[in-house]
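S.K.: Structural data only, the sequence is not supplied:
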């Protein structure tokens, strides 16, 4: 069983000295991510390596998780596995960000205390699909559970002019 990760680290110091850590992080503690999940149960498995490439401090990471998203066809939970690698160049300002080689995604470090949860949330949100749907055709489920629920339009309602009341006001 992997240990729970620390809440905060000094990313720049860890990169300067070289540091590796692995562990897990509970999904329920990722507040921004929970807004789009159907369930906050489970953990994110994380491996982080802090190091320097020349003068550039960086974090190389790998995350794995199974997210429960809402299927946009049937509105039921759909499991979405995430298995993602990332390489973040640690920068202190926009000038450093502009000079960062293409192999790195910029990560702005503003303080000595940095939160691991921020990186995890960012990477998981970036890994999510634009539209979550089941791999199988769940339209049968939708048709089965919405049959008879359609609002029936009566012929006399369809012929009513919504602006008829305005005509009476002009008189």
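M.R.: Right, received. Where do you want to start? A quick note: this is a predicted structure, and the numbers were derived from the prediction, not measured.
S.K.: centroid residue for this structure?
M.R.: Geometric centre of the chain, nearest residue: residue 125, 1.8 Å, by Cα atoms, centre = their mean.
S.K.: my read is residue 97 is in a helix, agree?
M.R.: Yes. If the criterion is DSSP: H, G, I helix; E, B strand; the rest coil, then residue 97 is within a helix.
S.K.: How many residues are close by it?
M.R.: For residue 97, the tally of surrounding residues (other Cβ atoms under 10 Å) stands at 14. Yep, even glycine has a C-beta here, placed from its N, CA and C like the rest.
S.K.: wait, it sits on residue 107?
M.R.: No. When contacts are counted by Cβ atoms under 8 Å, residue 97 is not listed as touching residue 107 (9.2 Å).
S.K.: any shared contact partners between the two?
M.R.: Common contacts of residue 97 and residue 107 (Cβ atoms under 8 Å, 6 or more residues apart in numbering): residue 91.
S.K.: that older thread, setting aside sequence neighbours, what's the nearest residue to the residue nearest to the centre of the chain?
M.R.: In this structure, residue 125 finds its nearest non-sequential neighbour in residue 33, 6.3 Å apart by Cβ to Cβ, 6 or more residues apart in numbering.
S.K.: what about the one you found, neighbour count?
M.R.: By other Cβ under 10 Å, 21 other residues sit near residue 33.
S.K.: Quick check: which element contains the residue nearest to the centre of the chain?
M.R.: Applying DSSP states H and E as the criterion places residue 125 in helix 116-127.
S.K.: Could you name the helices and strands sitting against that helix?
M.R.: strand 19-26, helix 31-34, strand 43-53, strand 56-70, strand 77-91 (3 or more Cβ pairs under 8 Å, 6 or more residues apart in numbering; DSSP states H and E).
S.K.: quick one: strands adjacent to the last one?
M.R.: Sheet pairing here is set by DSSP bridges, and for strand 77-91 it gives strand 56-70 (antiparallel), strand 105-108 (parallel).
S.K.: Going by neighbour count, which residues in stretch 70-79 are buried?
M.R.: Of all the residues in stretch 70-79, those buried under the rule 16 or more other Cβ atoms under 10 Å are 71, 73-74, 77-78.
S.K.: quick one, what contacts the residue nearest to residue 125?
M.R.: For residue 33, the contact set (Cβ under 8 Å, 6+ apart) comprises 27, 67, 121, 124-125.
S.K.: So which of these is surrounded by the most neighbours?
M.R.: Counting neighbours by other Cβ under 10 Å, residue 67 comes out on top of the contacts of residue 33 with 24 neighbours.
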